[in-house]
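Chemist: Fold the following.
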Amino acid sequence: MTYPTDLLRGVCVEDLAWIAGSWQGTIGDDPVEEVWTAPNGGTMMGMFRWLRNGNPRFYEIITLEPDEDGVCMRVRHFSPGPGLHTWEGQDAAMEFKLTELRAGHAVFCQSDDPDTWLIYEATETNLKVAFASAKGQPPVEKPFLFNKA
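Modeler: Sure, this is the predicted structure:
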């Protein structure tokens, strides 16, 4: 499976408004949720939470922001427990650049690994988030499947 790495210039965050909403699903027996704000001020914010045995496994704070290359998704992972300790370090975030966009479908290429993509696909009631890799095995075993809450 091959996805583009060419950046989409001229696309704005508002073109991704279809991601907005509260989405809930499961990975195995684990509840997962992703919540996205509507575009405002040229940005969107998202939150992801994964629970295991009733306790947080980890959290993510996600932003969609314009930059000189188009739209950038920035993700920060946080360990559960007090203090909101990040996985990436104090001033770091994973970055994904928007490389493909059509109705209900967006592909983001990981900035420091052009062979890894994050794919969002949505209908009015469902959201699918998956990783793909040109290196063979995807980073996650199954896509995250959500229903609109």
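
Chemist: Any regions of this structure where pLDDT drops low?
Modeler: For the chain, the stretches with pLDDT under 70 are 1-5, 136-141.

Chemist: To what extent is the closest residue in space to residue 148 that isn't next to it in sequence buried, counted in neighbours?
Modeler: Leaving aside its chain neighbours, residue 148 sits nearest to residue 125 (4.9 Å; criterion: Cβ to Cβ, 6 or more residues apart in numbering). Any C-beta I mention is one placed from the backbone N, CA and C, and that applies to glycine too. By the criterion of other Cβ atoms under 10 Å, residue 125 has 10 neighbours.

Chemist: State the phi and psi torsions of residue 125.
Modeler: When read as degrees, to the nearest 10, the backbone of residue 125 gives phi -120, psi -10.

Chemist: would you say residue 18 is within a helix?
Modeler: Yes - Residue 18 forms part of a helix when assessed by DSSP: H, G, I helix; E, B strand; the rest coil.

Chemist: ok, now which ones touch it?
Modeler: By Cβ atoms under 8 Å, 6 or more residues apart in numbering, the contact set of residue 18 is 103-104, 122.

Chemist: any idea how far residue 124 is from it?
Modeler: Noted for residue 18: a distance of 9 Å to residue 124, by Cβ to Cβ, to the nearest Å.

Chemist: cool, and residue 106?
Modeler: Going from residue 106 to residue 124 by Cβ to Cβ gives 16 Å.

Chemist: Which one of the two is surrounded by more residues?
Modeler: Higher neighbour count among residue 106 and residue 124: residue 106, with 25 against 8, using other Cβ under 10 Å.

Chemist: Tell me who's in contact with that one.
Modeler: Residue 106 neighbours (Cβ under 8 Å, 6+ apart): 16, 19, 98, 100, 119-120.

Chemist: Give me the three-state assignment for it.
Modeler: Using three-state DSSP, the structure places residue 106 in strand.

Chemist: who's it bridged to?
Modeler: residue 101, residue 120 (DSSP bridges).

Chemist: Let's have the contacts of residue 106 in a markdown table, adding distance to residue 32 and neighbour count.
Modeler: Below are the contacts of residue 106 laid out as a markdown table (distance: Cβ to Cβ, whole Å; neighbours: other Cβ atoms under 10 Å):
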| residue | distance to residue 32 | neighbour count |
| --- | --- | --- |
| 16 | 20 | 20 |
| 19 | 15 | 22 |
| 98 | 23 | 26 |
| 100 | 24 | 17 |
| 119 | 16 | 17 |
| 120 | 14 | 22 |
